[in-house]
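>>> structure, please.
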Amino acid sequence: MTSINQILQEVAHLPEDQRFTLAHKILLASEPQFSETVEHAWDTEIRERIARYDRGELKSKPASDVFASIDHHLKL
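Below is the predicted model of the structure:
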């Protein structure tokens, strides 16, 4: 069986775009598989949030504020 270190050595010789593609595929393979019901529920939620934003019912925040808040919560 190929070790992780051997794989990393081989990956280091790949062009950058292929390394990114490989990393993306590894991350996708690591994600839990969602059912169609869950995907439909997320799609519905996203569409409803966009509609509420378009109607002025939701306010936006700068991404920098959102990331700062996440960083603060992760440090707790």
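>>> what about residue 14, how many residues nearby?
By other CB atoms under 10 Å, 12 other residues sit near residue 14. Where you see a C-beta, it was placed from the backbone N, CA and C, and this is true even at glycine.
>>> make that residue 19, sorry
For residue 19, the neighbour count with other CB under 10 Å is 13.
>>> got it, and the one 5 residues further on?
A count of nearby residues for residue 24, using other CB under 10 Å, gives 10.
>>> for the remainder of this discussion, apply numbering that starts at 647.
Sure thing, new numbering starts at 647, so read that last one as residue 670.
>>> check which helix or strand covers it.
helix 662-676 (DSSP states H and E).
>>> try residue 693
helix 682-700.
>>> centre of the chain to that helix, how far?
Remark: helix 682-700 is offset 17 Å from the chain centroid, using CA atoms, centre = their mean, to the nearest Å.
>>> now do the buried residues in it.
Buried residues in helix 682-700, counted by 16 or more other CB atoms under 10 Å: none are found.
>>> what's next to it, contact-wise?
For helix 682-700, contacts defined as CB atoms under 8 Å, 6 or more residues apart in numbering pick out 680, 704, 706.
>>> ok, then the element right after it?
helix 709-721.
>>> quick one: mean pLDDT for that next one?
Regarding helix 709-721, the rounded mean pLDDT is 94.
>>> any idea how far residue 647 lies from residue 659?
20 Å (CB to CB, to the nearest Å).
>>> compare neighbour counts for the two and give me the winner.
Neighbour totals were compared for residue 647 and residue 659, and residue 659 leads with 8 against 3 (other CB under 10 Å).
>>> need phi/psi at the more buried one.
phi -90, psi -10 (degrees, to the nearest 10).
>>> please apply the same query to residue 649.
According to degrees, to the nearest 10, residue 649 has phi -80, psi 160.
>>> can you pull the pLDDT of it?
93.
>>> count the neighbours of it for me.
Residue 649: 8 neighbours (other CB under 10 Å).
>>> coming back round to it: lowest-confidence one in the contacts of helix 682-700?
Out of these, that is residue 680, at 78.
>>> give the contact list for that residue.
residue 688.
>>> next one: residue 719 from residue 707, what distance?
In terms of CB to CB, residue 719 sits 15 Å off from residue 707.
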